[in-house]
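Student: test case, fold it:
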Amino acid sequence: QVQLVESGGGLVQSGGSLRLSCADSGRTFSTLHMGWFRQTPGKEREFVASINWDESRLFYTESVKGRFTISRDNAKAVMYLQMNSLKPEDTAVYLCAAATYRGTRGRIRPDEYNYWGQGTQVTVSS
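Tutor: Numbering: from 1, shown residues only. Sure thing, here's the model as predicted:
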């Protein structure tokens, strides 16, 4: 069973950095396509980045390219999101998600994911 727990959120000044982690307690992590989404009140969940099961394909939304880096450690069953040059508009609850998909195409819609974490708050002050 997949159980996702995010950590690493917090308050940071504009231009600062944070690293989010998403840990899976299950035994199938290495077979899953993993993703990060973010959500602000009153808005739909927004795709941020995803990584396929063997790290051969990475996908980013345009607004975070060059600033955020997604990675994973299958031996530890953990996914990361390194966020640099943070902006106030990056403020959101960040959620990790897992999809039972082993292809090479990106998964950018929330309905393409089977499991979700509870989320971690990221607040960027100006």
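Student: tell me the confidence at the spatially most central residue of the chain?
Tutor: Centroid check for the chain by Cα atoms, centre = their mean gives Trp36 as the closest residue, at 2.2 Å. We have a pLDDT of 98 for Trp36.
Student: the closest residue to it other than its chain neighbours: neighbour count?
Tutor: Among residues not flanking Trp36 along the chain, Val48 sits closest, at 4.3 Å (Cβ to Cβ, 6 or more residues apart in numbering). Glycine gets a C-beta too; all of them are placed from N, C-alpha and C. The number of residues packed near Val48 is 25, by other Cβ atoms under 10 Å.
Student: what packs against the strand or helix carrying Val48?
Tutor: Using DSSP states H and E, Val48 maps to strand 46-51. Packed against strand 46-51, as judged by 3 or more Cβ pairs under 8 Å, 6 or more residues apart in numbering; DSSP states H and E, are the following elements: strand 33-39, strand 58-60, strand 68-73, strand 78-83.
Student: need those in JSON lines (columns: distance to Thr104).
Tutor: What follows is the helices and strands packed on strand 46-51, written out as JSON lines (distance: least, Cβ to Cβ, whole Å):
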{"stretch": "strand 33-39", "distance to Thr104": "10"}
{"stretch": "strand 58-60", "distance to Thr104": "10"}
{"stretch": "strand 68-73", "distance to Thr104": "15"}
{"stretch": "strand 78-83", "distance to Thr104": "17"}
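Student: quick one, which of these is packed in tightest?
Tutor: With neighbours taken as mean count of other Cβ atoms under 10 Å, the helices and strands packed on strand 46-51 reach their highest mean count in strand 33-39, at a mean of 24.
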